[in-house]
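Undergrad: coords please:
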Amino acid sequence: MIKKMKKVIVLVISLTVLICCASCAMKSKVDVNADTAPITSEWTFDHAVNKGNDVPRLMFDKDENLPQFSTDGNTFSFCIVSGKTYSGTIEANEDGTYTLSNNGKGQPLTVIIEGNSLTVYITDDTSVTFVAK
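TA: Okay, here's the model as predicted:
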């Protein structure tokens, strides 16, 4: 009876550790008080908001499986889901924001840079935030 109880306890502890490690969200690296990063910085995914719900970056996520954003200041490449990349032109606005135009396909997207973070607004309650490397 004691051997069976030890096996069950070991199994429960192992599963608990596995679940905790697999769902570890990374702390956000957004620093709005940092110097404003240029739009042409190298950006890495930090977190997203999907219909008002926070979607953090998980500890074991690989960069190639996460949303991607890059720009040379004139054109952009934006990928939310692996295999679906959107590209087009980027325009600086007078208010410090940027507009992404997907070559006339779909609605233009707004980008705001605050400190070391760049946020692409998909809708009012859905966005993707990147931080400068």
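Undergrad: mind listing what the residue nearest to Lys51 when sequence neighbours are not counted touches?
TA: Excluding the flanking residues, the one nearest Lys51 by C-beta to C-beta, 6 or more residues apart in numbering is Asp125, at 5.4 Å. Heads up, the C-betas are built off the backbone N, CA and C, glycines and all. Asp125 sits next to 49, 51-52 when contact means C-beta atoms under 8 Å, 6 or more residues apart in numbering.
Undergrad: Same question for Tyr98.
TA: In this structure, Tyr98 makes contact with 39, 90-92, 110-113, judged by C-beta under 8 Å, 6+ apart.
Undergrad: From what I see, Thr89 and Ser101 are in contact.
TA: Yes: applying C-beta atoms under 8 Å as the test, Thr89 and Ser101 come out as touching, 5.2 Å apart.
Undergrad: can you pull out the helices in the protein?
TA: 2-22 (DSSP state H).
Undergrad: Okay, now the unreliable bits of it?
TA: For the chain, the stretches with pLDDT under 70 are 1-23.
Undergrad: returning to that earlier point: what separation do you get for the residue nearest to Lys51 and Asp54?
TA: Remark: distance between Asp125 and Asp54 (C-beta to C-beta, to the nearest Å) = 11 Å.
Undergrad: Also Gly88?
TA: Note on Gly88: its distance to Asp54, by C-beta to C-beta, is 28 Å.
Undergrad: who has more neighbours, those two?
TA: Legend: neighbour count by other C-beta atoms under 10 Å for Gly88 and Asp54, higher for Gly88 (19 against 10).
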